[in-house]
Structures are given as C-alpha cells and as structure tokens.
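S.K.: Sequence and predicted model, in that order:
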Amino acid sequence: MWTVEAIAQLPEDVAIGHREGDDPRLVRRDVIVRAGSAGCTTGFTAACRARNVSFAVVARSTQKITEAILATLELEKRWAPAVCQDGELREGAAVIELTELVDLSSFPSGTRLIVRREPLHPGAQQSLFPSLEHRYWGLYTDQAGDPVALDAFMRAHAHVEQHIARLKDSGLCRFPFSDLEANRNWLMVVAAAADLVRWFQLLCCDVELAGARPKQLRWTIFHAPGRLVRSARRNFVRILEGWPSAEAIIAIYRRIALITRASPHPGGSAARGDLTSPFWSQAAPTGRRARFATDQSRESPESRDRGPRNGRGGPLHHSRE
C-alpha cells in the first residue's frame, strides 16, 4: 500500500508515531497528505487516520453535496471571502463549510467538508454543482482551523499539476520503445531531466523564466544561437546581437558564476573571489556580439603542465565587442 511505502521514505525522527498502530502520543512531527479526487475514498482516508496522518483530499461530485450547495444559495452571509496563499483576497471567490449539511459517517471522525466558489471562466474544470455563474470546488479534511485558511492551504496542491504538465512537455507521454524496461529507463531520464531543469530555473533564472514551461525555455534559452569560447583560461559566451533573450542568458551565466565561486575547493579552501565586490562591468551600448567571460578559479593538471598561470582569478567580465 502507498502509505507503507511513503512513510518508509520519511526520516526516522519524522516517521515516529506514523506507522500503523502507533500511539498518537508518539508523534513528534505532524504529517499532512494532500491528494486529488483519486484520494477521495474511505480506504485512503482510513489508512491516513490509522497512521496518525492528517489528510486533505479533493471532493468528488455527489448528489448529497449538490443538495447541500443548493441549500446555501440563499444564505449569502454564510459565505466568507476566499484568500490566496499570500493572504490577499481572491477576487470573486468565497468559501463555506458544509459539514453539518452532509452525512460524513463513512469518513473518519472529525472529517469536514469545505466548498469554494469562484467566477466561472473559460476552460474551468468540472464543478461540484451545475451553475452558469460560478465554479464550485470542495475538499474533505480532518484538520482544525478556519475554513478559509484550510482552502488556501489546499489550493497550493495545484503546483503538483503544474509539475506534471512540465513532465508531459518534456517527454512523459512519449514512450519511444517497444520494450517495457527501455521505457522505464526513458521515464526515469525524463524525471531526472525535469528535476535538473526545475532547479536550474529556481537557482539561476529571473522571476519570469523561473516559472516558465519547458517550451518557453527551449526557445528562449536552450535554442539561442551562440558559442562557448575558451581563451586565456577564460570561458566566453558569445550571443548574436539583437537576440531577444541575450540579457536574460547573460544574467543566468552571472548567477552560475556566483554559485560556483561561492563553492569551496575540494581541499577545503574557498574559491578565489570576493562575493561582496562587483563581478562584472557594465556593457558598452553597442556592439556586434554580446560577450560574457569568467576566469577559471580552478587550475587543471593540463594547465599546470603548460607552466604558471597569468593572473589570479580576476573578476567576471560582461562586455560587448
């Protein structure tokens, strides 16, 4: 069962109290599981309760929920304004708790039903309640707290769908082999590549590119025409003048250089360079090619064989030629 495998992956100090049959008093760290409508089953929620794990699962459309929502249409005062993850009001959205209006005896004791409505928009997913004005969405949870806060907490689960969409854009749905084992290896490579690209976005890209989908990254960064040239023990990245994302690419290389310079040498000494000093010079206003260069702070065996190095790891250079 998934619960056994998932809890087995938790660190020992976190897993204590969350194995089946453990005394709830042994729990050191609270564990909460968020799941889509696939987790909206009595077996799933019961397994969570047996392991002292809280749950929040997307509610499926049922006749009882439809009747409960219908009963609240004329009780506008019971709906509270919904908020986003940053605490700001979510325009046009509202939240209500319907626990008292629905039979939840098949779920673990203490289960609550919370429903959110928001203005209907093109492409909206299936709603819990047929309406031409609003889309209704709900969740079951056994957590205590304000319904509005719990709804905002559950909505963060939507990031999972965004990651799945990135995987699909990166080859998740394309199995090129007829052999099952080969396709398994393909899937593992796709997942590993997606993780590398995602960390690259979070560490090296600006706000816009940090949330970009793979297709945008390919045409903005990965497919950009340019050359990597090594001269005088320095790496130069040369990009055609006028390329729309040239400045973004240069900024990425700057961040990569900062990260690598901040990393210590294998022997324990810090890499050359003062992180408090400027690492690049301003670009000239005109030029044929954008150029970015960085001095190599680590000396290879080949360079040592050629004799002593010139310079002592000078600053990064961003210039035009």
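M.R.: Looks like it arrived, so ask away. Numbering: from 1, shown residues only.
S.K.: My read is that Leu104 contacts Leu113, right?
M.R.: Yes - using C-beta atoms under 8 Å, Leu104 is in contact with Leu113, at 6.6 Å. Quick note: C-beta positions are derived from backbone N, CA and C, even for glycine.
S.K.: Quickly list what's touching both of the two.
M.R.: Contact criterion C-beta atoms under 8 Å, 6 or more residues apart in numbering; residues shared by Leu104 and Leu113: Tyr140.
S.K.: So between those two, which is more surrounded?
M.R.: Leu113 (22 against 16; other C-beta atoms under 10 Å).
S.K.: for the more buried one, helix, strand, or coil?
M.R.: Three-state call for Leu113 (DSSP: H, G, I helix; E, B strand; the rest coil): strand.
S.K.: Return the residues in contact with it.
M.R.: Contacts for Leu113 were tallied using C-beta under 8 Å, 6+ apart; they are Ala59, Ile65, Ala68, Glu97, Leu98, Thr99, Val102, Leu104, Gly138, Leu139, Tyr140.
S.K.: For Leu128, see how far away the first one is.
M.R.: What that stands for is Ala59. For Ala59, the distance to Leu128 equals 7 Å [C-beta to C-beta, to the nearest Å].
S.K.: can you list residues touching both of those two?
M.R.: Joint contacts of Ala59 and Leu128 (C-beta under 8 Å, 6+ apart) are Ile65, Val115, Trp137, Gly138.
S.K.: Which positions within whichever strand or helix holds Val148 qualify as buried?
M.R.: Using DSSP states H and E, Val148 maps to helix 147-155. Within helix 147-155, the residues scored as buried using 16 or more other C-beta atoms under 10 Å are Pro147, Val148, Leu150, Asp151, Ala152, Phe153, Met154, Arg155.
S.K.: Between those residues, which sits nearest Cys204?
M.R.: Among these, Arg155 lies closest to Cys204 (C-beta to C-beta), at 27.8 Å.
S.K.: Now do the closest residue to that closest one other than its chain neighbours, the pLDDT please.
M.R.: Excluding its sequence neighbours, the residue lying closest to Arg155 (C-beta to C-beta, 6 or more residues apart in numbering) is Gln85, at 7.0 Å. Gln85 is assigned 78 on the pLDDT scale.
S.K.: Gln85: what's it in contact with?
M.R.: Taking C-beta under 8 Å, 6+ apart, we find Gln85 in contact with Ala152, Arg155, Ala156.
S.K.: Turn the residues you listed into a markdown table, including distance to Glu181 and pLDDT.
M.R.: A markdown table is the format used below for these (distance: C-beta to C-beta, whole Å; pLDDT from 0 to 100):
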| residue | distance to Glu181 | pLDDT |
| --- | --- | --- |
| Ala152 | 43 | 91 |
| Arg155 | 39 | 82 |
| Ala156 | 36 | 76 |
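S.K.: Adding distance to Arg261, write those residues out as TSV.
M.R.: Compiled in TSV, those are given as follows (distance: C-beta to C-beta, whole Å):
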residue	distance to Arg261
Ala152	39
Arg155	39
Ala156	34
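S.K.: Now, the contacts of Leu113 that are in helices?
M.R.: Per DSSP state H, helices hold the following members of those: Ile65, Ala68.
S.K.: Thank you kindly, that will do.
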